[in-house]
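> Make a model of this:
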Amino acid sequence: MNMNANAMPKEVIETQKAALDAMMAMQGSVFGGFEKLVDLNLKVMKATMDEMSQKTHEAMGVKDAQEAVAMGSALVQPSAEKAAAYSKHVYDILSGVQADLAKLTEGKMAESQKQMTALVEQFSSHAPAGAEGTVSMLKSALAQANAAYDSMTKAAKQAAEVAEKNLHTATATAMKAASDASNTAKAAGRRRAA
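Numbering: from 1, shown residues only. You can find the predicted model right below:
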């Protein structure tokens, strides 16, 4: 009995160390995602500034209305494509962070489930006579909690898959709309010129 009393603090210390390691891993994942977002935004800002400078110089060289319309319509589609690409990059970064956090959480949950199962088994093997009902209730509650967690995990994965499909569909729709708008603007510019 004395041996178990000494082992318990060691188990508590190991559990706390594992929890701290998991928290640090989660923080590392979130910070890594934040770094990627900052890097992406800096690159986008630099590219936007460079493009604005180039387009400003081009605009200064416009000589008539037809060139102005052509230049305006030429800006529509690339801007939409860039916005879609940016959104995709942001989504990929956030998806990666979410996947990392899900892996870490799933690992901790699996470990916790094993520990709880071992604890219930230990309790049941040392339970006094007449406690079979309580042991049965604990085992049933643990099984139901595990089943509920598995169901929630599956539902979350399905929701993420649906969200990704919807993002791809929305991106394709936005790109088509931008292309159509660009083509319409070009056609209108040609009609005005004629």
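> All the helices of the protein, residue numbers only.
2-60, 65-126, 132-193 (DSSP state H).
> Need the winner for burial among these.
Of these, the one with the most neighbours on average (mean count of other CB atoms under 10 Å) is helix 65-126, at a mean of 14. (Glycine included, C-beta is placed from N, CA and C.)
> Give me the helices and strands touching the least confident helix or strand in the chain by mean pLDDT, please.
Within the chain, judged by mean pLDDT, DSSP states H and E, the helix or strand with the poorest mean is helix 132-193; its value is a mean of 78. In terms of contacts (3 or more CB pairs under 8 Å, 6 or more residues apart in numbering; DSSP states H and E), helix 132-193 is packed against helix 65-126.
> Isn't residue 171 up against residue 88?
Yes. Between residue 171 and residue 88 there is a contact under CB atoms under 8 Å: 6.6 Å.
> anything in contact with each of the two?
Shared contacts of residue 171 and residue 88 (CB atoms under 8 Å, 6 or more residues apart in numbering): none.
> What sits closest to the residue nearest the centre of the chain if chain neighbours are left out?
In the chain, the residue lying closest to the centroid (CA atoms, centre = their mean) is residue 95, at 2.7 Å. Leaving out its chain neighbours, the residue that sits closest to residue 95 by CB to CB, 6 or more residues apart in numbering is residue 164, at 7.4 Å.
> can you tell me how far the closest residue to residue 96 other than its chain neighbours sits from residue 22?
Leaving aside its sequence neighbours, residue 96 sits nearest to residue 33 (CB to CB, 6+ apart; 6.7 Å). Using CB to CB, to the nearest Å, we find residue 33 at a distance of 17 Å from residue 22.
> circling back to that earlier point, any idea how far residue 175 is from the residue nearest to the centre of the chain?
Taken as CB to CB, the span from residue 95 to residue 175 is 20 Å.
> Over to residue 106?
For residue 106, the distance to residue 175 - CB to CB - is 35 Å.
> One more: residue 81?
7 Å.
> Residue 130 too?
Distance of residue 130 to residue 175, given as CB to CB: 70 Å.
> circling back to that earlier point, from the middle of its chain, how far away would the least confident helix or strand of the chain be?
11 Å (CA atoms, centre = their mean, to the nearest Å).
> what's the angle from that helix to helix 65-126?
With axes from the mean of the first three to the mean of the last three CA atoms, to 10 degrees applied, the angle from helix 132-193 to helix 65-126 works out at 180 degrees.
> C-alpha coordinates for stretch 136-146, CSV please?
The C-alpha coordinates for stretch 136-146 follow below in CSV (Å, rounded to 0.1, in the frame of the first residue of the first chain):
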residue,chain,number,x,y,z
SER,A,136,-21.3,-1.9,-14.3
MET,A,137,-22.6,1.6,-14.3
LEU,A,138,-19.1,3.1,-14.5
LYS,A,139,-18.1,0.8,-17.4
SER,A,140,-21.3,1.6,-19.2
ALA,A,141,-20.8,5.4,-18.7
LEU,A,142,-17.2,5.1,-20.0
ALA,A,143,-18.3,3.2,-23.0
GLN,A,144,-21.0,5.8,-23.8
ALA,A,145,-18.6,8.7,-23.3
ASN,A,146,-16.1,7.0,-25.7
